[in-house]
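**Student:** I would like the atomic coordinates for the input below:
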Amino acid sequence: MSPASTPGTGTVLEAPAYRHGARSMECVIDMSALSGKLLFERSCLPAPDQLDLHVDGAQFLAIVRAGGEAAGV
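**Tutor:** Below is the predicted model of the structure:
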């Protein structure tokens, strides 16, 4: 699976709205635990309460779950 097709990156790009536009997208990526990772995986994402600062956390995580199931993650 290429990094562009992993659930994390797909979700970041598919999220319907960011509360503060590109700055929120950047914050979600910055808050993610990516140190030492080769792929942006579901486990890298910040906690739901942190996500809620920048996106609809429940909706965002639903997209992650749907993508992960489709990708076999």
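**Student:** Can you report how many residues lie near A66?
**Tutor:** Taking other C-beta atoms under 10 Å as the neighbour definition, A66 ends up with a count of 14. Every C-beta, even on glycine, is put in place using the N, C-alpha and C of the backbone.
**Student:** Buried residues, the one helix or strand it maps to. List them.
**Tutor:** When secondary structure is defined by DSSP states H and E, A66 falls within helix 57-71. Using 16 or more other C-beta atoms under 10 Å as the burial criterion, the residues of helix 57-71 that qualify are 57, 60-61, 63-64, 67-68.
**Student:** Go ahead and confirm A33 touches C44.
**Tutor:** Yes. Under the criterion of C-beta atoms under 8 Å, A33 lies in contact with C44, with a separation of 5.0 Å.
**Student:** Which residue, neighbours along the chain excluded, lies closest to V28?
**Tutor:** Closest residue to V28 in three dimensions, ignoring its sequence neighbours and counting by C-beta to C-beta, 6 or more residues apart in numbering: H54, at 5.4 Å.
**Student:** what residue ranges in the protein score low on pLDDT?
**Tutor:** When the per-residue scores of the chain are filtered using pLDDT under 70, the ranges that remain are 1-11, 68-73.
**Student:** Recalculate using a threshold of 50.
**Tutor:** Applying pLDDT under 50 to the chain flags the ranges 1-5, 70-73.
**Student:** quick one: the helices in it?
**Tutor:** Taking DSSP state H as the criterion, the chain contains helices spanning 7-14, 22-31, 48-51, 57-71.
**Student:** picking up where we left off before, export the buried residues of helix 57-71 to TSV and tack on distance to L38?
**Tutor:** Output for those, formatted as TSV (distance: C-beta to C-beta, whole Å):
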residue	distance to L38
G57	25
F60	22
L61	22
I63	22
V64	18
G67	18
G68	17
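**Student:** which among those gets closest to R23?
**Tutor:** The nearest member of those to R23, counting by C-beta to C-beta, is F60 at 16.0 Å.
**Student:** wait, isn't the closest one in contact with L53?
**Tutor:** No. At 11.4 Å, F60 and L53 do not qualify as touching, with contact defined as C-beta under 8 Å.
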